[in-house]
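K.L.:
Have a look; sequence and predicted model below, questions after that.
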Amino acid sequence: MAFAAWLILLGLITLLSQRQLDSRAASRAPQIGTSADGAPTLLLTADRRGHFMVESLVNGQSVTFLVDTGATGIALPAATAQRLGLQRGRAFRVTTAAGPAIAWTTRLDSFQVGPFTESGVAASISPDMEGEVGLLGMSFLRHFEMVQRDGELLLRKP
């Protein structure tokens, strides 16, 4: 009888914990809106480390990006580029937080972040990047007004 009570208690704790995690994830979901002048906006909420992450569509496939105002362009890990079927262009040297590296040029047929869509976007494939998360740098972000306040980042076309 005591064993059954412990199993029920464990199940309830698991259910409540999952609801809490789901609630936190939902509160960080990007919000698409419209400014007073009718321009589309995208509001991102920082994660617990203070980073802004955003799901995008690259050539119609989902890719997670870290918003990185210190990055010159859009950089994709080699594993992500391979999954997307991107072709490597010319090799060039880059300077990263981890030091110098080699990357390859590539082109994204379509790139969508929230309500913003671009075509023929230049990007790079970085074989030294680990994982599946890309970097969303200034070659894309420079087209937007960015306002960061209280753990939120608002992107809006000027």
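P.N.:
Structure's in. What do you need?

K.L.:
what pairs with the helix or strand encompassing T105, and is each one parallel or antiparallel?
P.N.:
Take DSSP states H and E as the rule and T105 turns out to sit in strand 99-113. Strand pairing for strand 99-113, using DSSP bridges, gives strand 53-58 (antiparallel), strand 91-96 (antiparallel), strand 116-126 (antiparallel).

K.L.:
Distance to T72 for those - can I get that in TSV?
P.N.:
For every residue, glycine as well, the C-beta is placed using N, CA and C. As requested, these are arranged in TSV below (distance: least, C-beta to C-beta, whole Å):
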stretch	distance to T72
strand 53-58	18
strand 91-96	8
strand 116-126	9
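
K.L.:
and the residue most central in space within the chain, what does it touch?
P.N.:
The chain has F65 as the residue nearest its centroid, 2.3 Å off, counting by C-alpha atoms, centre = their mean. Shown in contact with F65 (C-beta atoms under 8 Å, 6 or more residues apart in numbering): M53, V54, E55, S56, I74, V113, V133, G134, L135, L136.

K.L.:
quick revisit: rank the strands paired with strand 99-113 by mean pLDDT and give me the bottom one.
P.N.:
Here the strands paired with strand 99-113 differ in mean pLDDT, and the lowest is strand 91-96 at a mean of 91.

K.L.:
Great, nothing more from me.
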